[in-house]
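[1] fold the following and give me the result.
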Amino acid sequence: MKNLIRLLVIGLGLVLLSGCNGDPRSARGFRLPDGDAEAGLEAFIDMECNQCHTVRGEELPIIPGQDPPYFELGGEVTRVKTYGELVTSIINPSHKLATGYAKEVIAVGDESKMEVYNEFMTVQQLTDIVMFLQTHYDVRIPEHRYPTYPYP
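    The predicted model follows:
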């Protein structure tokens, strides 16, 4: 009986604590307004994001004197690129470095080579660029083949 009471008290405490969000850096409740995809394309070009990035399905102007590598954004992915992931990639590019590229091409040490635009990009430009990019991702469910075994 004593153990049952202990378990109930511990369980109740865990339930109460699960409702608390103790991390002051939590993104819970944070949401930027939706942007405009057409304005996002304009902001993408104005901020010269096309200096290093291409966007699947878009013909972007080439910046004279800029050589590849170009990092493609958009295209087929196996999971949704969330709003939060895209915002984070823009405002904190070193948070998660892109995969599929040689590290020395995209980073110096653990820091992304992508310029941080936080001091001169407006929130409107950010939300517009995110909306523009989201329209270029195409989620495909990966094909999985189950092995078949011969039956006796």
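
[2] and the nearest residue to Thr78 once chain neighbours are set aside, what's its pLDDT?
    In space, Thr78 comes closest to Pro142 once its chain neighbours are excluded; the distance is 5.0 Å by CB to CB, 6 or more residues apart in numbering. Any C-beta I mention is one placed from the backbone N, CA and C, and that applies to glycine too. pLDDT for Pro142: 75.

[3] quick check: which element contains Pro142?
    Counting by DSSP states H and E, no helix or strand carries Pro142.

[4] can you check the one 3 residues further on too?
    Here Arg145, judged by DSSP H and E, is contained in no helix and no strand.

[5] ok, it - how many residues close by?
    Arg145 has 5 neighbours, counted by other CB atoms under 10 Å.

[6] got it, and Ala43?
    Neighbours of Ala43 (other CB under 10 Å): 21.

[7] wait, doesn't it sit right on Val130?
    No. At 10.1 Å, Ala43 does not count as touching Val130 under the criterion of CB atoms under 8 Å.

[8] what sits against Val139?
    Glu76, Val77, Thr78, Arg79, Val80 (CB atoms under 8 Å, 6 or more residues apart in numbering).

[9] give me that answer again for 7 Å
    Each residue near Val139 by CB atoms under 7 Å, 6 or more residues apart in numbering is listed here: Val77, Arg79, Val80.

[10] for these, which one is nearest Gln125?
    Of all the contacts of Val139, Gln125 sits closest to Val80, with 22.8 Å by CB to CB.

[11] and that closest one, how far from Arg140?
    Look at Val80 and Arg140: by CB to CB, to the nearest Å, they are 11 Å apart.
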